[in-house]
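Chemist: From the sequence below, what's the structure:
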Amino acid sequence: MKIHEYQAKSLLKKYGVPVQDGHAIQDMEFFDSAVEDLKSKGIKQFVIKSQIHAGGRGKGLVFSKDNRDELVVEGGVKFFGDKIENAKEFAGKILGNILVTHQTGAEGKEVKTIFISEGIDYAKELYLGILLDRNVSKNVIMASTEGGVEIEKVAEETPEKIIKVWIDPSVGFLSYQARELAYGLGLEGDVQKDFIKFITNLYKAYEELDASMIEVNPMVITNDNKVLALDAKVTLDDNAMFRHKDFPELKDENEEDPLELEAAKYNLNYIKLDGNVGCMVNGAGLAMGTMDLIKLAGGSPANFLDVGGTATPDTVENGFKLILSDRNVKSNTH
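Modeler: Numbering: from 1, shown residues only. Next up, the predicted model:
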């Protein structure tokens with residue numbers, strides 16, 4: 001389950017991970033009070049951040065929800081310093097309109113929440129990510145001096161700039177591994193000490209939250225030599241929800257695919273894909289094999305749909321309804 005940046009930062013803060021402070025609002029009537037509260041904490045500079053489940057927000061384009069051909073403003077994230085009126089004008093333009101980035105596709109996503117956050121002066125941007133490396137069945141921490149850049153681009157163009165440390169699940173994250181990451185990033189002195197504390201707390205959050213991924217991009221070194229998460233992306237493992245009763249309330253159904261939401265009502269394992277061949281199979285392994293055969297034959301699956309080994313006529317009927325409601329589907333296999 002993906003969550004928004006402001007939600008991710010709220011969770012990480014509980015584990016002692018320093019984050020950019022701020023307030024999330026869904027209505028412009030709360031803008032002034034949010035700003036005043038932040039000012040009362042000594043915050044003097046402000047950034048407005050659109051909240052959608054996609055990267056590239058800062059370089060995106062905002063179009064009118066009522067007229068998709070009308071460009072409202074460029075960028076979904078902007079720094080305004082102490083110019084509050086400019087920040088408020090920008091916030092009013094993006095809230096309720098459609099943000100299109102390289103990850104959303106042309107359809108974009110409606111901005112239903114904005115994050116009014118603290119403007120941070122910093123000297124350096126770095127990248128930090130934690131996820132499971134399924135090839136070796138170990139968690140891996142990835143770090144890079146190329147913060148603020150998509151890690152996929154770094155991996156493709158300058159892979160030598162990515163530092164990787166694998167965590168043995170039998171012993172956990174060790175202090176020498178934190179130091180190895182710090183050395184690889186060129187951190188020294190007090191900054192190195194602050195980073196070691198930062199990554200130790202971040203890894204603890206990753207494990208205890210049952211996250212499937214945590215990405216901090218960028219992680220910054222502030223002008224006073226502190227390490228801070230300027231952005232944060234957290235994906236939670238749906239299979240661990242029974243351990244976290246408060247997590248379902250973090251789910252934003254506006255960000256979910258409507259077909260996947262519908263499938264969940266019928267306990268169907270459904271994932272929408274980009275192809276045009278609808279797939280319905282009983283058994284996850286057989287479903288994967290079927291999708292491979294479609295690709296081998298030159299086709300492209302429109303979905304993954306496992307109805308399970310104990311499917312009833314109603315289950316199959318609901319599965320067909322899901323597949324046929326996808327406008328991209330031109331043919332079916334089952």
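Chemist: Outline the domain layout of this protein.
Modeler: The chain breaks down into these domains under automatic domain parsing: 21-118, 122-243, 257-333.
Chemist: neighbours around the closest residue in space to Ser50 that isn't next to it in sequence, how many?
Modeler: Among residues not flanking Ser50 along the chain, Gly76 sits closest, at 3.7 Å (C-beta to C-beta, 6 or more residues apart in numbering). C-betas here are computed from N, CA, C, even on glycine. The local packing of Gly76 (other C-beta atoms under 10 Å) involves 28 other residues.
Chemist: residue contacts, Gly76?
Modeler: 49-50, 52, 57-58, 60, 62, 94, 99, 101, 111 (C-beta atoms under 8 Å, 6 or more residues apart in numbering).
Chemist: Could I get the pLDDT score of it?
Modeler: At Gly76, the predicted lDDT confidence score is 94.
Chemist: roughly how far apart are it and Glu89?
Modeler: According to C-beta to C-beta, to the nearest Å, Gly76 stands 15 Å off from Glu89.
Chemist: what do you get for Gly81?
Modeler: 14 Å.
Chemist: What about the nearest residue to Ile43 once chain neighbours are set aside? Give its phi and psi, please.
Modeler: Nearest non-adjacent residue to Ile43, counting by C-beta to C-beta, 6+ apart: Glu118, 4.8 Å away. Backbone torsions for Glu118, taken as degrees, to the nearest 10, come to phi -70, psi 130.
Chemist: Kindly tell me how buried Glu118 is, as a neighbour count.
Modeler: Number of residues near Glu118 (other C-beta under 10 Å) recorded here: 19.
Chemist: Tell me the predicted confidence for it.
Modeler: 94.
Chemist: Please name the residues that touch it.
Modeler: Glu118 sits next to 20-22, 38, 43, 45-47 when contact means C-beta under 8 Å, 6+ apart.
Chemist: between those residues, which is closest to Val136?
Modeler: Gln20 (33.2 Å; C-beta to C-beta).
Chemist: quick one: that closest one from Glu89, how far?
Modeler: Separation of Gln20 from Glu89 (C-beta to C-beta) stands at 22 Å.
Chemist: quick one, which of these two is more surrounded?
Modeler: Neighbours of Gln20 and Glu89, each counted by other C-beta under 10 Å, are more numerous for Gln20; the result is 21 against 13.
Chemist: The more buried one reaches Lys226, doesn't it?
Modeler: No. Counting by C-beta atoms under 8 Å, Gln20 does not reach Lys226; the two are 11.7 Å apart.
Chemist: Mind listing the residues bridging to the residue nearest to Ile43?
Modeler: Per DSSP bridges, the residues bridged to Glu118 are Phe46.
Chemist: residue contacts, the residue nearest the centre of the chain?
Modeler: Note on the chain: the residue nearest the mean C-alpha position is Lys233, at 4.1 Å, using C-alpha atoms, centre = their mean. By C-beta under 8 Å, 6+ apart, the contact list for Lys233 reads 2, 5, 8, 55, 213-217.
Chemist: State the phi and psi torsions of it.
Modeler: Torsion angles, degrees, to the nearest 10, at Lys233: phi -130, psi 120.
Chemist: Dig out what it forms beta bridges with.
Modeler: Beta-bridge partners, per DSSP bridges, of Lys233: Glu215.
Chemist: Give me the local confidence score for it.
Modeler: At Lys233, pLDDT is 95.
Chemist: hang on, the earlier thing: state the distance from the residue nearest to Ser50 to Gly55.
Modeler: Distance from Gly76 to Gly55, by C-beta to C-beta: 11 Å.
Chemist: Spell out which residues are contacts of both of these two.
Modeler: Thr101.
Chemist: Dump the contacts of Glu118 into JSON lines; add pLDDT and distance to Ser175 as well.
Modeler: JSON lines is the format used below for the contacts of Glu118 (pLDDT from 0 to 100; distance: C-beta to C-beta, whole Å):
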{"residue": "Gln20", "pLDDT": "92", "distance to Ser175": "27"}
{"residue": "Asp21", "pLDDT": "89", "distance to Ser175": "29"}
{"residue": "Gly22", "pLDDT": "94", "distance to Ser175": "32"}
{"residue": "Leu38", "pLDDT": "95", "distance to Ser175": "36"}
{"residue": "Ile43", "pLDDT": "93", "distance to Ser175": "34"}
{"residue": "Gln45", "pLDDT": "94", "distance to Ser175": "35"}
{"residue": "Phe46", "pLDDT": "96", "distance to Ser175": "37"}
{"residue": "Val47", "pLDDT": "96", "distance to Ser175": "34"}
